[in-house]
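S.K.: Please find the sequence and the predicted model below.
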Amino acid sequence: MALHLLVGPGTWSGPMALWLALLLTYSAHAAVWTGAAALLSRRRSLSSSTRHLLWKMALFGPLATVLLAAVMSWGFERAPGDTAALREIAVLSLEEAPVPAVLDAEPGAGSSTGASAFAESPARRAGGSPGWDLLAAGAAGAAALGLLRFTTSAWLLWRGLRGRRQVQDARLLQRLERMRARIGLRHVVLTESAGVGSPLVLGASEICIPPARLAALTDAEIDAVFAHELAHLERRDGLWFPAAGLVQSILWLQPLCHWASSRFRQTAELACDDRAVELTGDPLSLARALVEVASSASLAPRRAMVPAMARSASALLPRVRRLVDAGKSRARRTASARGRRRAIAGLAAVGVAAAGLSVQVARARPPLAAGASDAPARDRGDAIAASPPDAAAASEQMVELARRERELEARLEDALLLPDAQRADTQAAVLVLELRQELRHVRAAQAWIEERFVDDWTTWDRRRGASGSAPR
């Protein structure tokens, strides 16, 4: 069942209004995705890897369902006075724009009456609500500011790490190679840089370490560090983290996006901790390594775009306590594969169902023809719903306008060849101006007839489907 929130009947559906509709639709979808992920992740039987996958879906899923909703049900039109149809909720705009009554006359050959009706139609003359326009402009400006911030952070990260070099320490390379073969990765590059406070992953195959910190660790602790970082590479976190940072930067005004992004990063670290313990069988060595690198990590700049092993001492405390408790108990809790599949399928089903929830900006529908302008605007919708638009009549109008267009083009070419056509305030120049103006009106009338036919057909088909009537 679809639910459509029609924002502002009669308002202008320009790029700003469509951008605002997308943001409102994303907010609705994000609420559904994050709420479902929060409920499902509370199940104790789920592994940390499954919880991370749930929050990854909650972060990126709304983007996919927003696009799906836009494809499924975009392009409503509404006349003033229309009531909401089935499965719709009409929401008034901040400032209702009055729609003037105009003639819906049929354009004829040799006259610009139909073209003038197009030029003065409500779709052209109804101005957008200043309140919605300002809100949409503010949202677009905030997104641009967030994108600039993300670009600046990426440039600073590149600048701080451009001097890194490959590690030459045979001990570190040997420990990394042993762990790489155990986890099954093909190729891993180990680099070092004084500009990092803790080991971190870059891209799909690089680990960057602070050389002084790792040199002081024992072999077991080094194995635990490399197992943790290789787990990040195994999960492609070096690519997912920048993508999450981009989404969070553009939608920084959306609090649910910050929450989902934070949980995405936290669960990624926990999943990699569990994977490292699975590979080494020594949770206490990983806990000691985390404590060792925490002091330098707290002084280094935060790099949310890349998965870092340690960001601050306060953030590491729950992870260290978790590892110490696991080392004391020696109990391994096995997660159910069936529970994992059910959780993922449940979140996916809820997210796909959210695609039926969309916020749209309704366009103004032209009123009835002259002589019936006092009738309610919904009468036109009832007439459209009763029978499909007359394709033959529209085709005849388009053919006649095309003939008129060719005639005007030929007359315009002849007028341009007159001696005084290029001089101002001459009879030939006035004739050229009139022909050009009439030619523009004819082309505008063609576009108007085509657009109105498509919109009327879409409205008829939608209302026929809503009423459950069979096609005739």
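M.R.: Cool, the structure landed.

S.K.: Please pull out the lowest mean pLDDT helix or strand from this structure.
M.R.: helix 122-125 (a mean of 38; mean pLDDT, DSSP states H and E).

S.K.: other SSEs contacting the helix or strand following that one?
M.R.: Using DSSP states H and E, the helix or strand that follows helix 122-125 in sequence is helix 130-161. Packed against helix 130-161, as judged by 3 or more CB pairs under 8 Å, 6 or more residues apart in numbering; DSSP states H and E, are the following elements: helix 15-40, helix 237-250. All C-beta spots, glycine's among them, are computed from the backbone N, C-alpha and C.

S.K.: Low-confidence ranges, the stretch 351-472 of the chain, go.
M.R.: Where the stretch 351-472 of the chain drops to pLDDT under 70, the residues are 361-387, 421, 424-425, 465-472.

S.K.: which stretches of it form strands?
M.R.: 357-361, 363-364 (DSSP state E, counting those that start in this stretch).

S.K.: next one: the stretch 151-300 of the chain
M.R.: 165-166, 189-192, 200-202, 206-209.

S.K.: these two touch, right, V350 and V32?
M.R.: Yes. If you go by CB atoms under 8 Å, V350 and V32 touch, sitting 6.2 Å apart.

S.K.: how many other residues sit next to the residue lying closest to S27 once chain neighbours are set aside?
M.R.: Counting by CB to CB, 6 or more residues apart in numbering, Q254 is the residue found nearest to S27 once chain neighbours are left out, at 6.2 Å. Neighbour count of Q254, defined by other CB atoms under 10 Å: 20.

S.K.: Check the one 4 residues further on too.
M.R.: By other CB under 10 Å, the residues close to H258 number 13.

S.K.: quick one: contacts for H187?
M.R.: S205 (CB atoms under 8 Å, 6 or more residues apart in numbering).

S.K.: Read off the pLDDT value for it.
M.R.: Predicted confidence (pLDDT) for H187: 89.

S.K.: Tell me the spacing between it and Q166.
M.R.: In this view, H187 and Q166 are 13 Å apart by CB to CB, to the nearest Å.

S.K.: Give the residue spans of the stretch 101-250 of the chain that score low on pLDDT.
M.R.: 101-133.

S.K.: now do 80
M.R.: Applying pLDDT under 80 to the stretch 101-250 of the chain flags residues 101-137, 195, 197, 211-216.

S.K.: quick one on the thing from earlier: now the residue nearest to S27: how far from G146?
M.R.: For Q254, the distance to G146 - CB to CB - is 10 Å.

S.K.: swap in L256?
M.R.: Counting by CB to CB, the gap from L256 to G146 is 15 Å.

S.K.: One more: A410?
M.R.: 54 Å.

S.K.: same check, this time on L176
M.R.: The value you get for L176 to G146, if CB to CB is used, is 36 Å.

S.K.: With neighbour numbers in mind, choose between the two.
M.R.: Legend: neighbour count by other CB under 10 Å for L176 and G146, higher for L176 (24 against 18).

S.K.: Quick one: residues contacting that one.
M.R.: Per CB under 8 Å, 6+ apart, neighbours of L176: 188, 190, 207, 226.

S.K.: Pull the number of nearby residues for the third one.
M.R.: It refers to I207. 25.

S.K.: circling back to that earlier point, deepest in the core, which of the strands of the stretch 151-300 of the chain is it.
M.R.: strand 200-202 (a mean of 26; mean count of other CB atoms under 10 Å).

S.K.: Quick one: list the elements packing against it.
M.R.: Using 3+ CB pairs under 8 Å, 6+ apart, strand 200-202 is in contact with strand 206-209, helix 219-234, helix 237-250.

S.K.: quick one: which of these is nearest V71?
M.R.: Ranking these by their distance to V71 (criterion: CB to CB) puts helix 237-250 first, at 20.1 Å.

S.K.: Compute the inter-axis angle for the closest one and helix 130-161.
M.R.: Following axes from the mean of the first three to the mean of the last three CA atoms, to 10 degrees, one obtains 140 degrees for the angle between helix 237-250 and helix 130-161.

S.K.: and the angle from helix 237-250 to helix 219-234?
M.R.: Using the same axes, to 10 degrees: helix 237-250 against helix 219-234 is 60 degrees.

S.K.: Can you spell out which helices and strands pack onto helix 237-250?
M.R.: With contacts taken as 3+ CB pairs under 8 Å, 6+ apart, helix 237-250 sits against helix 48-72, helix 130-161, strand 200-202, helix 255-280.

S.K.: between the helices and strands packed on strand 200-202, which gets nearest to P62?
M.R.: Nearest to P62, of the helices and strands packed on strand 200-202 and by CB to CB, is helix 237-250 at 9.3 Å.

S.K.: Give me the more crowded residue out of V350 and V32.
M.R.: Shown here are V350 and V32; by other CB under 10 Å, V32 has more neighbours (21 against 17).

S.K.: Now D282: phi and psi?
M.R.: Per-residue torsions, D282: phi -140, psi 80 (degrees, to the nearest 10).

S.K.: any idea how far it lies from A220?
M.R.: 6 Å.

S.K.: P318 now?
M.R.: 22 Å.

S.K.: quick one: which of the two has more around it?
M.R.: More neighbours surround A220 than the other of P318 and A220, with 16 against 12 (other CB under 10 Å).

S.K.: if I look at E413, how far off is L435?
M.R.: E413 is 10 Å from L435, by CB to CB.

S.K.: Please apply the same query to V399.
M.R.: Taken as CB to CB, the span from V399 to L435 is 21 Å.

S.K.: Looking at those two, which one has more neighbours?
M.R.: Taking other CB under 10 Å, V399 and L435 do not tie; L435 has more neighbours (19 against 10).

S.K.: Could you dump the helices and strands packed on strand 200-202 into a markdown table and include distance to R162?
M.R.: Converted to a markdown table, the helices and strands packed on strand 200-202 look like this (distance: least, CB to CB, whole Å):
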| stretch | distance to R162 |
| --- | --- |
| strand 206-209 | 11 |
| helix 219-234 | 20 |
| helix 237-250 | 17 |
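
S.K.: Tell me which of those sits nearest to L53.
M.R.: Short answer: helix 237-250, nearest of the helices and strands packed on strand 200-202 by CB to CB, at 10.9 Å.
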